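Undergrad: What follows is a predicted protein model with its sequence.
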Amino acid sequence: MKRVTFALLLAASAICACSGREAGTISKDPSAQKTPLPAPLSSLGAPCTTETDDVHCGTDGRIALLVVHQPLRLPAGAKAGGTDTQPTLVAVEEGRVWVHWECVVCRVPSTDYAVADLSRVSDASLARLQAWAGLPASPALRTEADWRTATRDWKPAGS
C-alpha cells in the first residue's frame, strides 16, 4: 500500500513539473499582469542619461517616471478623482502607478499622462506625481498599497 501511495505521489509530482507549475503553488490571475507599455513609455527602466520635465531619472540611474502629452489607455481598474479644474485618473498595477490629469482652466487646456516605477522613482519625482494626481505631496506614497489607500474613496473611472 505504501508503494502504491508513493508511486501516485511521484506521478502527481511529475505531472505538476511537466505542466510548468510547482506542486502547491497558485498561478497568478492573468488580469494582474502588467499592462504592456505603449511606445511613448517603452523607455521606462532604460538607462537615464538626461533628466527633463518629461523624463525623471530614478534612484538607480534608470528612467523611473515618464510624462507624455498624448492620449493613452490606462490599465483596468483606474479610479477617478481630482478636482473640477483638474480631473485625474489613477491606476495602480504590479509596481507601477499611472496618472492622467487635465487642466481645464489653463490658457491652453492640456491633458497629460505619466507612469512611474515605484521601485525606482525618487522622492522628488514621487511628490510631483502625487501633485499631478491631485494628492498631497507628502507623505510619499511609496507602495501600491499607499496609492490604493490614498484613492480608495475615488470612483471607478467611467462611472
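TA: Looks like it came in fine.

Undergrad: Phi, psi for the residue nearest the centre of the chain please.
TA: In the chain, the centroid-proximal residue (C-alpha atoms, centre = their mean) is R96; its distance is 2.2 Å. When quoted as degrees, to the nearest 10, the phi and psi of R96 stand at phi -120, psi 150.

Undergrad: A64 too?
TA: Per-residue torsions, A64: phi -110, psi -20 (degrees, to the nearest 10).

Undergrad: thought it was touching V55?
TA: No. In this structure, A64 is not within contact of V55 by C-beta atoms under 8 Å, at 9.3 Å. In short, each C-beta sits where N, CA and C put it, glycine included.

Undergrad: which one of those two has more residues nearby?
TA: A64 (26 against 17; other C-beta atoms under 10 Å).

Undergrad: rewinding a little: for C106, see how far away the residue nearest to the centre of the chain is.
TA: Look at R96 and C106: by C-beta to C-beta, to the nearest Å, they are 27 Å apart.

Undergrad: and what of L118?
TA: Taking C-beta to C-beta, one finds L118 at 28 Å from C106.

Undergrad: The two: which is more packed in?
TA: Set side by side, L118 and C106 show more neighbours around L118, with 21 against 10, by other C-beta under 10 Å.

Undergrad: ok now do the closest residue to the more buried one other than its chain neighbours, which residues does it touch?
TA: Distance criterion C-beta to C-beta, 6 or more residues apart in numbering; nearest residue to L118, sequence neighbours excluded, is G95 at 5.2 Å. Neighbour list for G95: K34, D117, L118, S119, E144 [criterion: C-beta atoms under 8 Å, 6 or more residues apart in numbering].

Undergrad: Quick one: buried ones out of these?
TA: Taking 16 or more other C-beta atoms under 10 Å as the criterion, what is buried in the contacts of G95 is D117, L118.

Undergrad: So which of the contacts of G95 belong to helices?
TA: E144 (DSSP state H).

Undergrad: got CSV for the contacts of G95, with distance to Q86 and pLDDT too?
TA: What follows is the contacts of G95, written out as CSV (distance: C-beta to C-beta, whole Å; pLDDT from 0 to 100):
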residue, distance to Q86, pLDDT
K34, 27, 74
D117, 24, 96
L118, 22, 96
S119, 27, 96
E144, 23, 95
